[in-house]
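J.: the following block contains a protein sequence and its predicted model.
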2 protein chains.
Amino acid sequence: MMNMNENSAFTDPYDSLAALFRALSHPARLAILEVLREGEACVCHIETLLGLRQAYVSQQLMLLRQSRLVSMRRQGWNVFYYISDPRVFEVLDQARAMLPAPLPPLPRTPASQCTCPKCRIAPQMQ
Amino acid sequence: MMNMNENSAFTDPYDSLAALFRALSHPARLAILEVLREGEACVCHIETLLGLRQAYVSQQLMLLRQSRLVSMRRQGWNVFYYISDPRVFEVLDQARAMLPAPLPPLPRTPASQCTCPKCRIAPQMQ
DNA sequence: CATTCATATTCATCATATTGAATGTTATCT
DNA sequence: AGATAACATTCAATATGATGAATATGAATG
């Protein structure tokens, strides 16, 4: 990991903690986690909500999975992602509290074209 | 910042939060913050405690300063660094709590050769 | 089994971060 | 002023991360 040098017995223990923060150090990944705060969501849902390309969302989800921040479950054609450990939101909330300005909430209903079962059943809950 | 592309109106607000996490995503910087948890410290102190080169410590301190995580105060030959906003430790502590194994504490007294006034007055408090 | 839908992965490219080495700066002391 | 102590900065090399485009996979359906 990293450039891996100038490290010391005293900084090494922080590698795993640093890795956790690195997983959180990307706006798209943070936005995805916020989507999942509401509950599990399929990839098409995340795509639509955030206005990102499918492959891009999958890439970020892969990184979140590798960091063990999210897990997935397959159901028919869809893959539903969910938060592995809700304690991540305590980290996120404490960090948000440090920002000079509050972050806006996620969009309510983004004219979703998502066609997953859940969306068909409860289509963008007006 | 970043590669800056494939972003959206919905991920943009998370840029500043991501920047905060990026500042925390490095073992040496985390170790420095832990040193400063005990109170302000001069650069020579951090060097000695963590076994890192002086220039390297200064570089990391510069990044921490740019992220407004630490502030500094000059006193004679020494520059003392201190935590700007103690809420950072709430972020750190919540993140630590997510790790599978607990992190070891910082070294008590690393045979300090630090010669700053504070160390001369209270030399490595056995 | 071919097709389709939803999602995943790979690869190439470009951007950013890390690090070491060298050098610059500032305050103090003689 | 010159020397020195403590720190800071710059520069270049390398490593890592981000992104887009293309392609692959796996489950379901006809």
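T.: Received the coordinates, thanks.

J.: would you map the strands across chain A?
T.: Secondary structure of chain A (DSSP state E): strands at A:41-42, A:70-75, A:78-83.

J.: the first one near chain B at all?
T.: So that's strand A:41-42. No - against chain B, strand A:41-42 shows no contacts by Cβ under 8 Å from any Cβ of the partner chain, the least distance being 13.7 Å. For glycine as for every other residue, the C-beta is placed from the backbone atoms N, C-alpha and C.

J.: follow-up on the earlier one: buried deepest among the strands of chain A, which one?
T.: Per residue and on average, the most neighbours among those fall to strand A:41-42, with a mean of 24 (mean count of other Cβ atoms under 10 Å in any protein chain shown).

J.: who does that strand touch, helix- and strand-wise?
T.: strand A:78-83 (3 or more Cβ pairs under 8 Å, 6 or more residues apart in numbering or on different chains; DSSP states H and E).

J.: in TSV, list the strands of chain A along with distance to B:Y56.
T.: As requested, those are arranged in TSV below (distance: least, Cβ to Cβ, whole Å):
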stretch	distance to B:Y56
strand A:41-42	42
strand A:70-75	34
strand A:78-83	36
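
J.: nearest to A:R22, of those strands?
T.: Each of the strands of chain A has some distance to A:R22 by Cβ to Cβ; the shortest is strand A:70-75, at 15.3 Å.

J.: give me the below-cutoff pLDDT ranges for chain A.
T.: Within chain A, the stretches with pLDDT under 70 are A:1-4, A:109-113, A:118-126.

J.: direction-wise, compare the longest helix anywhere in it with strand A:78-83 and give the angle.
T.: Using DSSP state H to define each element, chain A has its longest helix at helix A:54-66. Angle of helix A:54-66 versus strand A:78-83, following axes from the mean of the first three to the mean of the last three Cα atoms, to 10 degrees, is 40 degrees.

J.: for helix A:54-66, C-alpha coordinates in PDB please.
T.: The C-alpha coordinates for helix A:54-66 follow below in PDB (Å, rounded to 0.1, in the frame of the first residue of the first chain):
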ATOM      1  CA  GLN A  54     -23.200   2.100 -14.300                       C
ATOM      2  CA  ALA A  55     -19.700   0.900 -14.700                       C
ATOM      3  CA  TYR A  56     -18.500   3.800 -12.600                       C
ATOM      4  CA  VAL A  57     -20.900   2.900  -9.800                       C
ATOM      5  CA  SER A  58     -19.800  -0.700  -9.900                       C
ATOM      6  CA  GLN A  59     -16.200   0.300  -9.700                       C
ATOM      7  CA  GLN A  60     -16.800   2.300  -6.600                       C
ATOM      8  CA  LEU A  61     -18.900  -0.400  -5.100                       C
ATOM      9  CA  MET A  62     -16.100  -2.800  -5.700                       C
ATOM     10  CA  LEU A  63     -13.700  -0.600  -3.700                       C
ATOM     11  CA  LEU A  64     -16.300  -0.300  -0.900                       C
ATOM     12  CA  ARG A  65     -16.600  -4.000  -0.900                       C
ATOM     13  CA  GLN A  66     -12.900  -4.500  -0.700                       C
END
